[in-house]
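# Following is a predicted model, sequence given first.
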Amino acid sequence: MNDKEEIREFIRKNYSEVALQGSAGGCCSSGCSCSGPQINIKDASINIGYSESDFEDIPIESNMGLGCGNPIAMAALKKGEIVLDLGSGGGFDCFLARKQVGESGYVIGIDMTPEMVKLARQNAEQSGYKNIEFRLGEIEHLPVADGSVDVIISNCVINLALEKQQVFNEAYRVLKPGGRLSISDIVATAQIPEYMKNDLVSLVGCIAGAEYVGNIENMLKNAGFENIRMIPKDNSKEIIKSWVPGKNIEELVASYIIEADKYEYNMP
């Protein structure tokens, strides 16, 4: 396998092209170039759990057909909360979160790709909202202060991270005591073949980097999280099949909603 920086650069380049094209062109989505012809982005989004009302009053360019679920639907966001989105892309989930936390809340999106951050900032400017911002950074090294966030969301991004334990450690660090994690991601449910793990196209397609579901739970525990819930999406196989038809990849990986809480008290 290539070294980590080469892999990160491959991922970054891939997603920069997506940002410039304005839709999914080789990444976690039903419109992925490695999985056949592109399909309607709105239809793909509804298939993974969004509703028709989610597209109202949202900059249209923010929805790029990326993702494998809808973390906002599970996050139970409240007015006034501070939300952090790991791998925010064009900002779609950030704008949905902003709807729920309202004027008294705040939303921060983090993305490692300059082109994505630029696009998201343009979308934010178009929206006119003042309580949403996008920062350039890696999710393994969050440009966010300790204990400053109420809720962390993420949609099909952590599987791309090369140091997943570090991602969860950072998530725990920036959450306030009593804060919570609500993410949608691809996890491995069976052994992924070695040739697939070493395939960069499969990596950016959110397959090769999927970690075994039990290992994800252990990483969350090691980071300090409690009350961990890991639930496969009902239509997970349908979602994965739409990405890679006819390859039976849905027998190796699945789309999960993953939730966990940070202790409300200081550990001894």
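Received, thanks. Note that the structure is predicted; figures quoted are calculated from it, not measured.
# Could you give the number of residues near residue 96?
Neighbours of residue 96 under the rule other C-beta atoms under 10 Å: 26. In short, each C-beta sits where N, CA and C put it, glycine included.
# OK, contacts around residue 174?
Contacts for residue 174 (C-beta atoms under 8 Å, 6 or more residues apart in numbering) come out as 84, 142, 144-149, 152.
# Which pLDDT does the model give it?
Predicted confidence (pLDDT) for residue 174: 98.
# still on that earlier bit, quick check, nearest of the contacts of residue 174 to residue 234?
residue 152 (23.7 Å; C-beta to C-beta).
# Extract the CA atoms of the helix or strand where that closest one lies and return them as CSV.
Per DSSP states H and E: residue 152 is located in strand 149-155. Taking C-alpha atoms only, strand 149-155 is exported to CSV below (Å, rounded to 0.1, in the frame of the first residue of the first chain):
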residue,chain,number,x,y,z
VAL,A,149,-19.2,21.3,20.9
ASP,A,150,-22.5,19.8,21.9
VAL,A,151,-23.0,17.3,19.0
ILE,A,152,-20.7,15.8,16.3
ILE,A,153,-22.2,14.6,13.1
SER,A,154,-20.6,12.9,10.1
ASN,A,155,-21.8,11.2,6.9
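# Name the next helix or strand downstream of that strand, please.
Heading C-terminal from strand 149-155 (DSSP H and E), you reach helix 164-174.
# Report the angle between that following helix and strand 149-155.
With axes from the mean of the first three to the mean of the last three C-alpha atoms, to 10 degrees applied, the angle from helix 164-174 to strand 149-155 works out at 150 degrees.
# Just the strands from the stretch 151-268 of the chain, written as ranges.
175-188, 226-232, 253-261 (DSSP state E, counting those that start in this stretch).
# what would these look like in CSV with mean neighbour count and distance to residue 91?
Below are the strands of the stretch 151-268 of the chain laid out as CSV (neighbours: other C-beta atoms under 10 Å; distance: least, C-beta to C-beta, whole Å):
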stretch, mean neighbour count, distance to residue 91
strand 175-188, 22, 16
strand 226-232, 13, 26
strand 253-261, 23, 21
